[in-house]
Each structure stands twice: as structure tokens, then as C-alpha cells.
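K.L.:
Provided below are the primary sequence and the corresponding predicted coordinates.
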Amino acid sequence: MARSKEALVLLLDVGPSMHSILPEVEKLCTMLVQKKLMFNKNHEVGVVLFGTEETKNELEKEVGGYENVFVLRDIKVVDADVVDILHNIPRGKFPGDFMDAIVVGIDMLIKKFGDTNKGKQCLCLVTNAQYPIKDPYEGTKEDQVDKISSNMKAHGIKFDCVVIRENPVRSAGKSVIDENDHLLNQFSKNTISKIVHVDNPLALVGALRTRSISPVTVFRGDLELGSTMKIKVWVYKKTSEEKFPALKKYSDKAPSSDKYATHEVKVDFEYKSKEDPDKVVPPEQRIKGYRYGPQVIPISSAEWDSVKLKPDKGVKLLGFTDSSNIKRHYYMKDVYTFIPEPGNRKAIVAVSAIARAMKELNKVAILRCVWRQGQGSVVIGILSPNVSCMDNIPDSFYFNILPFAEDVREFQFPSFSRFPAAWLPNAHQQEAADNFVRMLDLAPSDREEMLKPEFTPNPVLERFYRYLDLKSKQPDASVPPLDSTLKRMIEPDTDLPSKDKSAIDNFHSHFELKENPKKKKPTTLAWNEKPSLTDNEAGADGRTSDIQRNLIQDSSVVKVEKIGDSNPIQDFEAMMARRDNPKWIMKAIQGMRAYINDLLENSYRGDTFPKAIECLAALRKGCILEQEPKEFNRFLFHLYDKWKTSDLLEFFKILPSKNVTLITKTEAADSDVTEEEAKNFPLKPEPSS
């Protein structure tokens with residue numbers, strides 16, 4: 001019977017030219033094995049070094065040759081010992097021949113598994129491929145690669161290769177490197193392989209997938225282009241968010257001698273009647289209830305099923321549009337891949353024809369997708385062509401989900417044009433700022449992209465896995481300092497300022513940089529009153545004591561949610577400054593309007609006029625800053641219409657002297673009030689006949 005566990009053989013180049021980057025190779029291999037220890041404990045791992053001074057492999061004993069290839073570990077179930085081995089890889093002294101190492105690795109897998117376990121065996125080669133390989137006894141090197149590839153294909157052996165070269169290649173060794181690259185690319189044409197080229201040790205850490213995730217189709221069926229035209233396609237997820245592993249509860253109550261114990265902790269819930277607390281309600285007598293005000297409305301599962309949308313499974317074309325009409329920031333969630341049904345020649349030709357026509361005309365397709373029968377949600381997205389450059393890989397599509405109207409969030413920001421001209425940058429300052437921002441670009445046009453997504457692992461997850469491995473060995477271990485490789489991912493490049501010093505100096509010369517002192521927020525005390533301090537709270541020089549400073553600090557942490565009577569202006573400004581939800585701006589405006597209304601309604605001989613005017617001025621300023629002039633103008637007209645025939649008319653006569661009037665077009669672009677209309681507000685009452 002075929003084995004179900006996977007096997008991996010690491011082929012590591014330890015020749016002299018690899019010594020400088022072997023620490024990063026050790027990290028890569030260690031991460032690979034640590035993930036297998038966590039997620040795939042039954043996998044098997046072997047380690048082969050080439051370029052070593054010693055020779056240790058079975059082929060050298062059986063047929064001779066294959067020198068400087070050392071089997072550091074035979075293929076065995078992964079354990080903590082292989083992690084310790086990979087922490088200290090011995091350095092070699094001879095040029096490495098990666099072809100010999102590949103043959104030794106294949107021989108180990110065939111002798112271990114024979115004709116079983118096909119498709120679950122893999123070779124992983126890490127080298128710089130800078131040394132020439134030996135000529136075979138018969139035929140050419142290309143013939144040798146073809147023979148090895150056919151043998152790998154017959155036994156279902158996959159091949160992953162990471163080629164790393166830090167420095168530019170000298171012209172003397174370029175011919176050797178070109179030949180080696182040609183041979184490695186020949187493997188990718190004849191076997192299931194992946195060749196990755198990296199140019200720095202940082203990218204090496206993420207060059208290989210440390211977890212093997214088997215792709216699963218989310219849809220198999222027809223891509224309906226019309227009532228009479230359908231193409232058989234399979235849909236896979238191309239990208240997916242990687243989350244923290246689920247940390248389940250573990251029970252140590254099982255005896256250590258029980259090797260079949262799962263140590264799983266199960267939690268059961270019991271529901272009891274409110275009238276009879278000792279009676280357990282069985283599942284068939286329960287029903288979900290949802291609060292609606294003070295009441296609880298019961299809704300059964302049958303009622304939920306009757307109102308649920310149950311669309312039919314299918315993928316339908318809605319139409320085509322120019323790719324320029326779909327912005328990049330419209331994309332939501334994960335990316336899917338549409339491929340023609342494997343082995344279906346008609347589907348392959350049809351997909352290729354449509355994809356190439358879409359690319360030529362710069363078009364994208366809009367689809368309506370229901371992945372499963374009875375699925376509760378329908379997705380709308382765009383289909384982009386993906387024309388393959390490989391002869392053995394057919395053309396395909398990429399699918400991105402688009403948002404519905406309720407998914408779009410509009411954030412409005414005030415325009416810079418409302419600032420005075422003295423605050424706006426001139427042309428030289430703008431150019432200096434643009435150059436400074438371009439200097440921080442991780443993907444400049446004249447340099448290689450830094451931190452490529454496909455080569456950069458998640459630093460948070462990697463640190464979590466490393467600490468988890470440490471805790472498994474040392475339960476009392478504290479969190480270690482951040483690894484140097486991960487630190488380079490999350491911290492700015494130290495070489496960047498020296499490379500672009502001119503842009504930094506130019507920016508510094510055009511802008512005067514000043515330290516911005518942190519202002520202390522005032523305390524929430526009585527309206528317009530200064531805090532009265534006792535002799536113990538205030539110092540001899542009148543400065544605020546530590547007690548008062550703590551009071552100020554504690555009061556600034558609280559998030560204001562309504563306009564209070566003790567300090568309404570500060571409450572209003574705090575609510576307008578909140579950015580955790582767009583509702584706070586309108587809630588602050590409505591709260592201040594209600595507060596001003598209350599002040600005027602409860603006024604006795606104008607005693608609340610000063611406070612109402614201050615609140616009205618604060619409301620006016622906030623509406624200008626947040627581009628809500630119509631809200632303020634409507635409120636001011638409403639106040640005037642409401643109180644113009646009462647004794648509060650004196651309140652409106654005071655407003656012009658306090659510069660509290662309608663917001664004009666010059667102050668806010670959305671206003672429809674002219675300077676003349678604001679100047680004449682409030683309108684003088686006509687004399688009675």
C-alpha cells in the first residue's frame with residue numbers, strides 16, 4: 001500500500017562561494033523543518049551536502065564517482081535532531097556539482113520508496129550554480145538532464161531549486177553560469193519543478209514555501225458566455241490570507257502510556273429553563289431569539305431558510321469593459337485563478353482565444369459567480385487575462401471580487417485650498433518633497449524591488465513559529481530578541497540615506513524643521529473656569545503639580561460620545577476629531593445644535609447668550625473644517641425663523657459683532673451663500689403697515 005506521508009531531501013551547496021550566505025541557508029532550512037514539526041509530524045526529511053571535503057553516499061560505494069557529496073542525514077521522520085543538524089551546517093572546501101547531488105537525492109528516494117508514494121517526494125536544491133559540472137560518460141549534459149528528468153517523472157519526484165547570487169557575475173564565469181541556468185531551466189520543462197532566482201540573503205528566507213498547501217478547487221463547471229456557448233473551467237484560489245494557527249486546548253489528564261490519546265478538550269453547553277433552573281432544555285425545544293427593543297423575537301431555522309437567497313450554482317458573463325474602468329483599489333478579498341479543464345483540448349483553445357483577444361483589446365470581463373449550490377452569497381468580479389509564456393502551461397484568467405454599493409466607504413477630507421497662501425508649498429518645496437517620497441519607494445524603476453511579496457515571509461508569523469519552537473524545548477524561555485533577518489524586513493534600510501543623501505539634504509534646505517512640543521489637554525472642569533488649586537496641589541511658582549498633571553492626563557484618555565453641560569466646546573471638538581467612525585462628525589453637529597437650542601429656550605433676560613454665542617462660533621468653525629457649511633447655514637436660518645418674533649431677537653443682533661454669521665463660498669466650496677448675503681444676515685424685519 002502506498003505511503004501517505006511526504007518525503008523531502010534537502011540538497012545544500014556548501015562550497016567556498018556559498019560560505020557568506022550559509023547562515024541564511026541555515027535559517028531557511030530550519031524554518032522549513034520547524035513548520036513540518038508543527039503541521040506535518042509524519043513527513044520525512046533527508047539532508048545532502050555537496051562541495052564537502054569528505055564523500056559519503058551509497059552511489060560512490062556502488063558505482064564510484066559522486067565525490068564531495070555527503071549525506072548528512074538519511075530520509076527519516078522529521079524530529080528535533082534535524083533542526084539541530086541544520087543549525088550548524090559544515091562548510092565545504094571544494095566546488096559543488098549540483099548534478100551529482102540531484103542524482104544522489106533521487107537514488108535515496110527511489111531506494112526508500114520504490115514505486116510507491118508517487119507525487120509526494122520532493123528534492124529541494126539551494127545553490128549559486130557558479131561552478132561547472134562534470135561532463136557525463138556518455139552523451140551531452142543536456143542528454144543527462146533529459147535522462148534524470150524522465151526518471152524523476154516516472155517516480156513522481158518534484159523538484160524545487162533556489163539559485164542565489166549576491167554580486168554581479170564576472171565575465172570570466174558568465175559562460176559557466178549561463179550553461180548552469182540553461183540546464184536548470186531544462187528541468188522545469190520536463191518535470192514538476194520550480195526555479196527561483198534571488199539576489200540577496202533577505203529574499204532567500206522567503207524563496208521557498210515552508211508549508212505545502214494542496215490546492216482545492218472552489219468551482220468546477222461551465223463558464224457561461226451565452227446561452228449557447230459554455231467553456232469547462234476549474235477555479236482555484238491563487239492567494240489567501242495566512243492567519244495565526246488555531247491554538248487549541250490541550251489536556252494532560254491522559255496517562256503517558258496511552259499512545260493513542262488525542263489530549264483533546266471538548267466543551268459542551270447546557271441550556272436550562274428560566275422557570276425551572278434544574279431542567280435541561282433539549283436541542284429540539286430550543287429556538288433562536290433576537291432582541292428588538294425591549295422584546296425578544298423568536299425566529300426558527302425554518303423561517304430563516306424560507307427567506308434566504310438560494311441561487312443556482314454557476315459562473316455567468318455579464319459583459320466586457322475597458323480595463324481602465326476598473327481601479328486597483330476596487331479589488332476585494334482573495335484572488336482566484338480560472339484554468340481550462342485539464343485534458344480538455346477544446347476548453348484550452350477557447351480560453352486561450354478569449355484571453356489573448358482581451359489582452360489585445362485591453363478588456364476585462366465582468367462575471368456573476370455562485371461557487372456552490374445554495375450558496376447564500378453571490379459575488380460580482382472581473383476576469384483579467386493571464387497569457388502564459390511557457391509552452392507547457394495553458395493561458396488562464398485571474399478573478400478579483402468587486403465591492404457592492406454597501407461595501408464602499410467614502411471618506412471625505414477637507415481640501416488644502418482652504419488654507420492661506422502662506423501655508424501652501426511653493427514649486428521648489430513641492431519638488432523637494434516629491435523627490436524625498438520617491439527616495440522611499442521600495443520598487444524604483446532604476447533598482448531592483450526590495451521586499452518582494454513573493455519572497456518576503458510574514459515577520460510576525462515567523463517570529464511566532466520560532467518562539468513556539470523555543471518554548472517546546474525550554475518551557476520557561478522568555479521572548480528572544482528580534483532576529484536580524486526579520487529586523488531588516490520591518491526596519492528602514494540603513495543604506496538608504498547614504499544612497500540618496502542629496503534628496504534628504506535638498507528636502508532639509510527647503511523646509512525649516514522645528515520640534516513640535518506636545519500640548520497638554522485641559523481638564524474637564526466647569527465651563528470657562530480655571531482650576532482652583534490648593535497649596536498642596538500648586539507649587540510656589542504657581543505651576544501645576546503632579547496631581548493636577550495626572551488629572552489632565554487621565555481626562556484626555558476618555559473618548560467623548562456626547563455634548564456635556566460642563567464643557568460643551570471641548571466635547572464638541574473631541575467628537576469632531578474622532579476618526580474611528582464617520583458618524584461622529586454628524587453626531588457632534590447634531591449634539592451641539594441641540595445644546596444651543598436648549599440654551600436659548602432656557603434663557604432668562606439673555607443670561608445664556610454669551611455661552612450660546614461661543615458654542616455657535618465653535619460649531620461654525622467645525623463645519624468649515626469638515627466641509628459641512630450647509631448644516632450650519634440651515635441651522636442658523638432655522639434659529640432665526642424660530643425666534644425672530646420673540647424676545648430672543650436681541651440674540652441675532654449680537655451675532656454680527658461677534659463675527660458669527662453664515663458660512664460663505666469663499667470659506668467653504670460647498671456653500672451657496674455669497675458675501676453680501678452673509679453680511680446682511682439677519683434680515684431686518686419689515687415695518688408693520
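P.N.:
The structure has been received and is ready for your questions. Numbers count the residues shown, from 1 in each chain.
K.L.:
only C-alpha atoms for contact and neighbour calcs from this point on.
P.N.:
Noted.
K.L.:
Spatially nearest residue to the most centrally placed residue in the chain, not counting backbone neighbours?
P.N.:
Closest to where the C-alpha atoms of the chain average out (C-alpha atoms, centre = their mean) is E241, at 7.4 Å. If the residues on either side of it in the chain are set aside, E241 comes closest to D334, at 7.5 Å by C-alpha to C-alpha, 6 or more residues apart in numbering.
K.L.:
got the contact list for the one helix or strand that neighbour maps to?
P.N.:
D334 belongs to strand 332-340 when elements are defined using DSSP states H and E. For strand 332-340, the external contacting residues (C-alpha atoms under 8 Å, 6 or more residues apart in numbering) are 231-241, 347-348, 351, 394-403.
K.L.:
Filter the residues you listed down to the buried ones.
P.N.:
The neighbour count (16 or more other C-alpha atoms under 10 Å) marks 231-237, 347-348, 351, 394-402 as buried among the contacts of strand 332-340.
K.L.:
Any stretches of the chain with poor pLDDT?
P.N.:
Within the chain, the ranges that satisfy pLDDT under 70 run 1-4, 167-173, 201-202, 206-212, 494-499, 518-558, 683-689.
K.L.:
Could you break it into its assigned domains?
P.N.:
Using automatic domain parsing, the domain ranges for the chain come out as 2-205, 216-409, 553-689.
K.L.:
Just say which of these is most tucked in.
P.N.:
Mean neighbours per residue, mean count of other C-alpha atoms under 10 Å, is largest over the domains of the chain for domain 2-205, with a mean of 18.
K.L.:
May I have the secondary structure class of G96?
P.N.:
Following DSSP: H, G, I helix; E, B strand; the rest coil, the label given to G96 is coil.
K.L.:
what is C369 paired to in the beta sheet?
P.N.:
In this entry, C369 is beta-bridged to V315, V379, by DSSP bridges.
K.L.:
In this structure it contacts K316, no?
P.N.:
Yes - when contacts are counted by C-alpha atoms under 8 Å, C369 is listed as touching K316 (6.6 Å).
K.L.:
Look at the closest residue to I401 other than its chain neighbours and give its secondary structure.
P.N.:
Excluding the flanking residues, the one nearest I401 by C-alpha to C-alpha, 6+ apart is G381, at 4.1 Å. Secondary structure state of G381, per three-state DSSP, is strand.
K.L.:
thinking again about what came up before, for the domains of the chain, could you give me TSV that also reports distance to R438?
P.N.:
TSV is the format used below for the domains of the chain (distance: least, C-alpha to C-alpha, whole Å):
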stretch	distance to R438
domain 2-205	22
domain 216-409	20
domain 553-689	28
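K.L.:
so which of the ones you listed gets nearest Q474?
P.N.:
Counting by C-alpha to C-alpha, Q474 lies closest to domain 2-205 out of the domains of the chain; the figure is 12.9 Å.
K.L.:
Can you give the distance of the closest one from its chain's centre?
P.N.:
A distance of 33 Å separates the centroid of the chain from that of domain 2-205, by C-alpha atoms, centre = their mean, to the nearest Å.
K.L.:
One more: stretch 356-375?
P.N.:
Per C-alpha atoms, centre = their mean, the centroid offset for stretch 356-375 relative to its chain is 25 Å.
K.L.:
which residues are in contact with that stretch?
P.N.:
Here stretch 356-375 makes contact (C-alpha under 8 Å, 6+ apart) with 218-219, 309-323, 377-385, 387.
K.L.:
and that stretch, C-alpha only, in PDB?
P.N.:
In PDB, the C-alpha atoms belonging to stretch 356-375 read as follows (Å, rounded to 0.1, in the frame of the first residue of the first chain):
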ATOM      1  CA  ARG A 356      -5.400  36.800 -25.900                       C
ATOM      2  CA  ALA A 357      -8.300  38.800 -27.500                       C
ATOM      3  CA  MET A 358      -9.000  40.500 -24.200                       C
ATOM      4  CA  LYS A 359      -5.300  41.300 -23.700                       C
ATOM      5  CA  GLU A 360      -5.000  42.700 -27.300                       C
ATOM      6  CA  LEU A 361      -8.100  44.900 -26.800                       C
ATOM      7  CA  ASN A 362      -7.200  45.800 -23.200                       C
ATOM      8  CA  LYS A 363     -10.600  44.500 -21.900                       C
ATOM      9  CA  VAL A 364     -11.700  42.700 -18.800                       C
ATOM     10  CA  ALA A 365     -14.900  40.600 -18.300                       C
ATOM     11  CA  ILE A 366     -17.500  41.100 -15.500                       C
ATOM     12  CA  LEU A 367     -18.800  37.900 -14.000                       C
ATOM     13  CA  ARG A 368     -21.500  36.800 -11.600                       C
ATOM     14  CA  CYS A 369     -20.300  33.800  -9.600                       C
ATOM     15  CA  VAL A 370     -22.000  31.300  -7.300                       C
ATOM     16  CA  TRP A 371     -19.400  28.700  -6.300                       C
ATOM     17  CA  ARG A 372     -21.700  26.200  -4.700                       C
ATOM     18  CA  GLN A 373     -25.400  25.200  -5.000                       C
ATOM     19  CA  GLY A 374     -27.500  27.000  -2.400                       C
ATOM     20  CA  GLN A 375     -24.600  29.400  -1.500                       C
END
